[in-house]
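# Generate a structure from the sequence data that follows.
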Amino acid sequence: MAVHIALLRGVNLGPHRRVAMADVRRALTAEGFDGVATHLQSGNVVLRSPLAPAEVGHTIERSLAEQLGLHTAVIVRSPKDLAAAIDADPFRTIATDPARHVLGFLSAAPEPAALAAVERIIAALPADGDRHAFAGTHFYLWCPNGISASPYFKVRWDLLGVGVTQRNWNTATALLHMAGDLV
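Just a heads-up that it's a prediction; the model follows:
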């Protein structure tokens, strides 16, 4: 069975869409996934399944909606894909604090016009040392003054027209390590 990393979008980020990770693990195990493990409380799941990544995402979305009443988008990556995204980091030489360094996950590569529109919005923001880069189904942010203080915090990523979720570098690398433990 293949190992998959599933990222639940917008879970436990405020008073809404709250869910215990123990409930998520129980629901996904009941769904037939193997080796289900979670990281932190923000919707990070590593599991094994013979399903293709897209099927894993759809099955998790359906299962969480049916079993827990949680309606959320799920983006799935293989350990190989996550490792490649981490290795491709354009800010590795300047990002000195992994809590201020972000890896963005896209459900698909955005259309060029949508990407150009978001780039125009970003170009109008005050940079103050913040940097970004898009690469296929990922994007990278370096926010030296903190994520919540960054102008990127105000970007409407949904304008990319694809599913979007983000994890700081600590979480992204921890998920890759967890996935390695399941292999």
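# Which helix or strand lies directly C-terminal to the biggest helix by length in the chain?
In the chain, with assignment by DSSP state H, the single longest helix is helix 53-68. Per DSSP states H and E, helix 53-68 leads on to strand 74-77 as the next helix or strand towards the C-terminus.
# coming back round to it: quick one: buried residues of the longest helix of the chain?
Buried residues in helix 53-68, defined by neighbour count with 16 or more other CB atoms under 10 Å: Pro53, Val56, Gly57, Thr59, Ile60, Glu61, Ser63, Leu64. Heads up, the C-betas are built off the backbone N, CA and C, glycines and all.
# In contact with the closest residue to the fifth one other than its chain neighbours, which residues?
Counting by CB to CB, 6 or more residues apart in numbering, Ile60 lies nearest to Val74, which is 4.7 Å off, once chain neighbours are set aside. Shown in contact with Val74 (CB atoms under 8 Å, 6 or more residues apart in numbering): Ala6, Leu7, Leu8, Arg9, Val56, Gly57, His58, Ile60, Glu61.
# need these in JSON lines with distance to Glu119 and pLDDT, can you?
Output for those, formatted as JSON lines (distance: CB to CB, whole Å; pLDDT from 0 to 100):
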{"residue": "Ala6", "distance to Glu119": "28", "pLDDT": "98"}
{"residue": "Leu7", "distance to Glu119": "23", "pLDDT": "98"}
{"residue": "Leu8", "distance to Glu119": "27", "pLDDT": "96"}
{"residue": "Arg9", "distance to Glu119": "22", "pLDDT": "93"}
{"residue": "Val56", "distance to Glu119": "31", "pLDDT": "98"}
{"residue": "Gly57", "distance to Glu119": "27", "pLDDT": "98"}
{"residue": "His58", "distance to Glu119": "30", "pLDDT": "97"}
{"residue": "Ile60", "distance to Glu119": "31", "pLDDT": "98"}
{"residue": "Glu61", "distance to Glu119": "29", "pLDDT": "97"}
